[in-house]
Structure formats: C-alpha cells, structure tokens
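*Asks:* okay, sequence plus prediction incoming.
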Amino acid sequence: MMDLETINYVNNPENDGATRYKAPSVKLAEVRGEAPVARFFVYDYSDWKPLHYVVLAAGESRSFHYKGDHEEGWWSHSETYEFDGESVFQYIHSDGTDCDGRLEHFSEFHCAVSNLDEMIGWYNGREDVSAPRMPGWDRIDSSQRDHRAEAAGY
C-alpha cells in the first residue's frame, strides 16, 4: 500500500506565498513492475484552488472528505477514486441542509487512463494553461434525494 497520507506542499509559480498544488509523498519502490499506475490531479473541494495529486496502482482507491457549517445548516462532500488497471472511477456524494431541508447528490464518473490529462486546469475561476491538466470525466450516473419531498410523499 502506498503512503498517500503525507502531503508535501509546493508553492505556486507566482511565488506569492499561496499554496497552489498538493502532492502526496509516494514510495516509488512500492510502485514497481509492470502494474499500471494512474496519476492525476483533482481539485480540493474545500477551496477549489489547491489540488490533490492522486497516484493509484491497479485495485487501489483513495477518498477525500470535506464538511462544514453555513448560515442555513451544514454540508458534506466525499469523493472516492478507484483504479481497475484501465480506467479510474470517481464516486461523489454531497449531502447537506438548507432552508428547504436535507438534500443529497450522488454521481459516478469514469475516465480512461489515456484521458487523465485531457482537460485544461482552472485557477481562480478561469482556465489556466500553466495549471496541471485534469481528467476528462464521463458521467456514468447521477441522482439526488430530497428528504423533505420524500417526507411529504412526493
């Protein structure tokens, strides 16, 4: 199993002191041989600026979890990435409450290894060609659950 919990911080090219990229420390000796390895960046949901660099060997998974409070309740967001040796699968679960009650969203995406650097990265809300390229996800499925509507019989 790779050590993906240790995060090394790298300052951005503008050297303005802001942390722009996060890259996990990977023990390369554990990623030897012919086994395929998927390497890609994903956004840190808590800020949308910093990135996580994910490295997965076939059969591995990695999850990120975020949560917080806001003026109308609470929110949580979880992302799990799994690699089967040919494709990476992304599973997203968002949950939270607002003035209308509790609402959950579920999404599942797929990306072939050849498309892990398909999309131009974003930084500060705009495309940035100097940012790492992002996976070109294809949606497999998505759904939502409105708890208040269910309680009302809809």
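*Replies:* On my side now, so go ahead. Numbering: from 1, shown residues only.

*Asks:* which stretches in the protein count as strands?
*Replies:* Secondary structure of the chain (DSSP state E): strands located at 7-11, 19-24, 37-43, 51-57, 61-70, 73-83, 87-98, 101-112, 122-123, 126-127, 138-146.

*Asks:* residue contacts, residue 40?
*Replies:* Going by CB atoms under 8 Å, 6 or more residues apart in numbering, residue 40 touches 53-54, 88, 111, 116-117, 134-135. (Glycine included, C-beta is placed from N, CA and C.)

*Asks:* please tell me how far it sits from residue 149.
*Replies:* Using CB to CB, to the nearest Å, residue 40 is found at 36 Å from residue 149.

*Asks:* with just CA atoms, put stretch 144-153 into CSV.
*Replies:* C-alpha atoms of stretch 144-153 as CSV (Å, rounded to 0.1, in the frame of the first residue of the first chain):
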residue,chain,number,x,y,z
GLN,A,144,-30.4,13.1,-5.9
ARG,A,145,-32.5,12.5,-2.8
ASP,A,146,-34.7,15.3,-1.4
HIS,A,147,-35.5,14.2,2.1
ARG,A,148,-38.2,16.8,2.6
ALA,A,149,-40.0,15.8,-0.6
GLU,A,150,-39.9,12.2,0.5
ALA,A,151,-41.4,13.0,3.9
ALA,A,152,-44.2,14.9,2.1
GLY,A,153,-45.0,11.8,-0.1
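
*Asks:* tell me, please, where in the chain the pLDDT is lower than the cut-off.
*Replies:* 1-34, 45-50, 121-126, 129-131 (pLDDT under 70).

*Asks:* still on that earlier bit, export the strands of the chain to CSV and tack on distance to residue 153?
*Replies:* Shown next, in CSV, are the strands of the chain (distance: least, CB to CB, whole Å):
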stretch, distance to residue 153
strand 7-11, 47
strand 19-24, 45
strand 37-43, 38
strand 51-57, 41
strand 61-70, 28
strand 73-83, 23
strand 87-98, 20
strand 101-112, 14
strand 122-123, 41
strand 126-127, 44
strand 138-146, 12
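
*Asks:* can you report phi and psi for residue 100?
*Replies:* Dihedral pair for residue 100: phi -100, psi 0, per degrees, to the nearest 10.
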